[in-house]
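Asks: coords below, sequence missing:
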Ligand SMILES: [Zn+2]
Ligand SMILES: [Zn+2]
C-alpha cells in the first residue's frame, strides 16, 4: 500500500530528522564548495563521503568509476531496493560569487551545485541510519563522479559507474535524483513525466572533394559548397522530418573548417556539431537521417561525406508510471502549490544512463533566493539559497521510503 498521499509515520520522522541534520548539510555543502574538484578527480570529496558512510556503519564501496562511492543500507528486510544518486564534480570556472566559503581551488568551482547534491545525499544517509530498523527495504546511495563529463581520453560518470556494477548486487527497482536550479523559485520541486532533459550527442562530418584553383571550380569538386548544402539539409531534418507535435529537437553545426587561401578550393571540409532531443526514437531517427542526407548530398556533387556520431548522454526520461506514483509524495514534501510541472530543458544530465537501465525519476529543486534575478548554473556568479537543502533531504528520503513501502 502506498502511504505517500497522507504521509506515513516514517514520513513525519523523516521530516523531523531532516530538520535536525540541516545545519550539518549546510556545513558539508560549504566545505565541498570551498574545496571543489573536477571530474574523475573528486579524491577529497569522495574520501569525505566514504568516511561519513562508514561512520554510519554502512556497507561502502569506493573507487567505483575512479572516485565514485556506493553505500548500501539494509533496513528490516533486503528487498525491495531503491537507489538515490548525487553527483560530486565541479567545473573549470573561476568563482566570482560573493560568498564567505568561495572556492580555494583556483579555476575550479561548484558552479552547477553538485556540492549541494552531495551534501543533501549525505544528509539522507544520516536520516536513514536513524530509521534503519523501520526501513521497508534496502537503500543504495550512489555518489557519482564526472557528471559534467570525464577529462578528454578518459571514461567516467554514470555510464562508467553502471559498467563497473553500481546497479548490480543488489539491483535497485528504481532510482531517484535531483538537481538544484535557480530557474525555479526557492523550495519549489519541478518535474515532468517522460523526456525532461535532452539527449546530447556529438557528430563530425568530413566532406571530401577535389582541390583546385578558385578561378576554375569545374576542374575539381568543391567541398565547401557541398558542406554548405549539408548544413542546410540538416536543418530540414527538424523542420521537415521529425514530428514536431511529438517533441522538439535541435541539430546544431558548431564548427566548420576548410580551406587555406581565398583563391584555392580545398580538398576537404570538416564540421562538428551537437544534436538534442527528448524522445529516444526521434534521437535515433535524427542520426539516421543525418548520415543518409550527408552522403546523398555529397554524392550528388561528386564528393563523399563521412558522418561519425559520438553518442553522448541519453534523454533524461522520467518513467511515466513511477512519476505518477511518486507525485503525491513530492506534493506533500514541497507543500501546497510548490510541486509544479517542469518545462523541457535542452540541457543534458547523465542521470539518464541510470534511467536507461531501471525506472527513474529526476526532479528539479528550486534554489533561487527570493527577489533575486536567477543566475544560471555554470555561471561564475552561481549561488544557491541554502534553505532549499533541507527540502532536498526530505524529497529524496520520502521518495525512497514511499517507494519501498509501495512495493511491500
Ligand atoms: Zn552542470
Ligand atoms: Zn549539474
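Replies: Thanks, I have the structure now. Everything quoted here is computed from the prediction, not taken from an experiment. Ligands and ions are numbered 1, 2, ... in the order given.

Asks: closest to the centroid, which residue in this protein?
Replies: Centroid-nearest residue in the chain: residue 349, 1.8 Å away (criterion: CA atoms, centre = their mean).

Asks: mind checking the SS state of that residue?
Replies: coil (DSSP: H, G, I helix; E, B strand; the rest coil).

Asks: let's number from 54 now, not from 1
Replies: Okay, using 54 as the starting number, the last item reads as residue 402.

Asks: how confident was the prediction at it?
Replies: Residue 402 carries a pLDDT value of 97.

Asks: now do residue 423
Replies: We have a pLDDT of 89 for residue 423.

Asks: not counting its neighbours along the chain, what's nearest it?
Replies: Excluding the flanking residues, the one nearest residue 423 by CB to CB, 6 or more residues apart in numbering is residue 239, at 5.8 Å. For glycine as for every other residue, the C-beta is placed from the backbone atoms N, C-alpha and C.

Asks: wait, that neighbour sits on residue 420?
Replies: Yes - using CB atoms under 8 Å as the test, residue 239 is close enough to residue 420 to be in contact (6.5 Å).

Asks: just want to know which of those two has more residues nearby.
Replies: residue 420 (29 against 19; other CB atoms under 10 Å).

Asks: neighbours around the spatially closest residue to that one that is not a sequence neighbour, how many?
Replies: Leaving aside its chain neighbours, residue 420 sits nearest to residue 437 (3.8 Å; criterion: CB to CB, 6+ apart). Neighbourhood size, residue 437 [other CB under 10 Å]: 26.

Asks: which residues does residue 437 contact?
Replies: Residues in contact with residue 437, defined by CB atoms under 8 Å, 6 or more residues apart in numbering, are 166, 169, 233, 235, 420.

Asks: can you map out the helices along this structure?
Replies: 62-87, 96-108, 167-182, 211-216, 276-289, 333-353, 373-387, 405-410, 442-460 (DSSP state H).

Asks: same for the first one, what does it pack against?
Replies: Same thing as helix 62-87. On a contact count with 3 or more CB pairs under 8 Å, 6 or more residues apart in numbering; DSSP states H and E, helix 62-87 meets helix 96-108, helix 167-182, helix 442-460.

Asks: can you do 10 Å?
Replies: helix 96-108, helix 167-182, helix 373-387, helix 442-460 (3 or more CB pairs under 10 Å, 6 or more residues apart in numbering; DSSP states H and E).

Asks: for residue 427, which of those helices is the nearest?
Replies: Across those, the minimum distance to residue 427, taken as CB to CB, is reached by helix 167-182, at 15.5 Å.

Asks: what's the angle from that closest one to helix 96-108?
Replies: Helix 167-182 and helix 96-108 meet at an angle of 10 degrees, taking axes from the mean of the first three to the mean of the last three CA atoms, to 10 degrees as the criterion.

Asks: run the angle between helix 167-182 and helix 442-460 for me.
Replies: Using the same axes, to 10 degrees: helix 167-182 against helix 442-460 is 50 degrees.

Asks: now helix 167-182, how far from the chain's geometric center?
Replies: Offset of helix 167-182 from its chain centre (CA atoms, centre = their mean, to the nearest Å): 18 Å.

Asks: relative to residue 305, how far out is residue 329?
Replies: Using CB to CB, to the nearest Å, residue 329 is found at 8 Å from residue 305.

Asks: so those two - more neighbours on which side?
Replies: The neighbour comparison of residue 329 against residue 305 (other CB under 10 Å) goes to residue 329, with 24 against 12.

Asks: bridging residues for the more buried one?
Replies: residue 253, residue 303 (DSSP bridges).

Asks: OK, contacts around it?
Replies: Counting by CB atoms under 10 Å, 6 or more residues apart in numbering, residue 329 touches 250-254, 291, 301-305, 336, 339, 365-366, 368, 398-401.

Asks: can you say which of those are buried?
Replies: 250-254, 291, 301-302, 304, 336, 339, 365-366, 368, 398, 400-401 (16 or more other CB atoms under 10 Å).

Asks: about what we covered before: with distance to residue 118 and mean pLDDT added, can I get the helices of the chain in JSON lines?
Replies: Formatted as JSON lines, these follow (distance: least, CB to CB, whole Å; pLDDT from 0 to 100):
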{"stretch": "helix 62-87", "distance to residue 118": "18", "mean pLDDT": "96"}
{"stretch": "helix 96-108", "distance to residue 118": "10", "mean pLDDT": "98"}
{"stretch": "helix 167-182", "distance to residue 118": "15", "mean pLDDT": "98"}
{"stretch": "helix 211-216", "distance to residue 118": "4", "mean pLDDT": "98"}
{"stretch": "helix 276-289", "distance to residue 118": "34", "mean pLDDT": "98"}
{"stretch": "helix 333-353", "distance to residue 118": "23", "mean pLDDT": "97"}
{"stretch": "helix 373-387", "distance to residue 118": "25", "mean pLDDT": "98"}
{"stretch": "helix 405-410", "distance to residue 118": "11", "mean pLDDT": "98"}
{"stretch": "helix 442-460", "distance to residue 118": "21", "mean pLDDT": "97"}
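
Asks: pipe the ones you listed into CSV and attach distance to residue 160 per row.
Replies: As requested, these are exported to CSV (distance: least, CB to CB, whole Å):
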stretch, distance to residue 160
helix 62-87, 14
helix 96-108, 16
helix 167-182, 16
helix 211-216, 25
helix 276-289, 35
helix 333-353, 34
helix 373-387, 36
helix 405-410, 28
helix 442-460, 26
